[in-house]
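Colleague: The sequence and its predicted three-dimensional model are supplied below.
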Amino acid sequence: MSLPLLFLGCATGVAALIDLMLQTDPTLAGDLSLSAPLLFGFAGGLALFSAGHVQWSFRWQRLSLRVAYPLAMLVCAIAMDALTLPMSAALIIGPIAALLLAALLVRAHHARDEADCLAS
């Protein structure tokens, strides 16, 4: 369930890097303006498609969170027009989210390999 949030963090970091590269006089003092409908829309879709792969502990989680979490992301996409962050915060969030996302994907890959070994 952290996948959509890590996606938001990675996208923020990439947008900050691109913004800095396109500036003629790069500075960390400015703000970064992001398209909230675009980011939260993709995050909501990612949450919706990945919710089936989460191992829920309780039945109520499976029924309510599986729908409510992606719906909350989509409501944010509709309700917000733009998201403004300080450039320095975006540059800190991006690499941390990328490292956490890489660790999550490696862990999922190893868990899948272990499950394949046990099934054989």
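Modeller: Great, that's in hand.
Colleague: tell me the SS of the residue lying closest to Pro26 once chain neighbours are set aside?
Modeller: Ranked by C-beta to C-beta, 6 or more residues apart in numbering and with sequence neighbours excluded, the top spatial neighbour of Pro26 is Leu20, at 4.6 Å. Bear in mind the C-beta positions are built from the backbone N, C-alpha and C, glycine included. Assigned by DSSP: H, G, I helix; E, B strand; the rest coil, the conformation of Leu20 is helix.
Colleague: Leu20 touches Met87, doesn't it?
Modeller: Yes: Leu20 lies in contact with Met87 (C-beta atoms under 8 Å); the separation is 7.3 Å.
Colleague: Touching, Ala29 and Met87? I think so.
Modeller: Yes: Ala29 is in contact with Met87 according to C-beta under 8 Å; the separation is 7.2 Å.
Colleague: Comparing the two, which shows the higher neighbour count?
Modeller: The neighbour comparison of Ala29 against Met87 (other C-beta atoms under 10 Å) goes to Met87, with 18 against 7.
Colleague: separation between the more buried one and Thr27?
Modeller: Going from Met87 to Thr27 by C-beta to C-beta, to the nearest Å gives 8 Å.
Colleague: Could you do Ala51 as well?
Modeller: 40 Å.
Colleague: Those two - which one has more neighbours?
Modeller: Ala51 (19 against 9).
Colleague: The nearest residue to that one once chain neighbours are set aside: what's it in contact with?
Modeller: Excluding its sequence neighbours, the residue lying closest to Ala51 (C-beta to C-beta, 6+ apart) is Arg66, at 4.6 Å. By C-beta atoms under 8 Å, 6 or more residues apart in numbering, the contact list for Arg66 reads 51-52, 54, 56.
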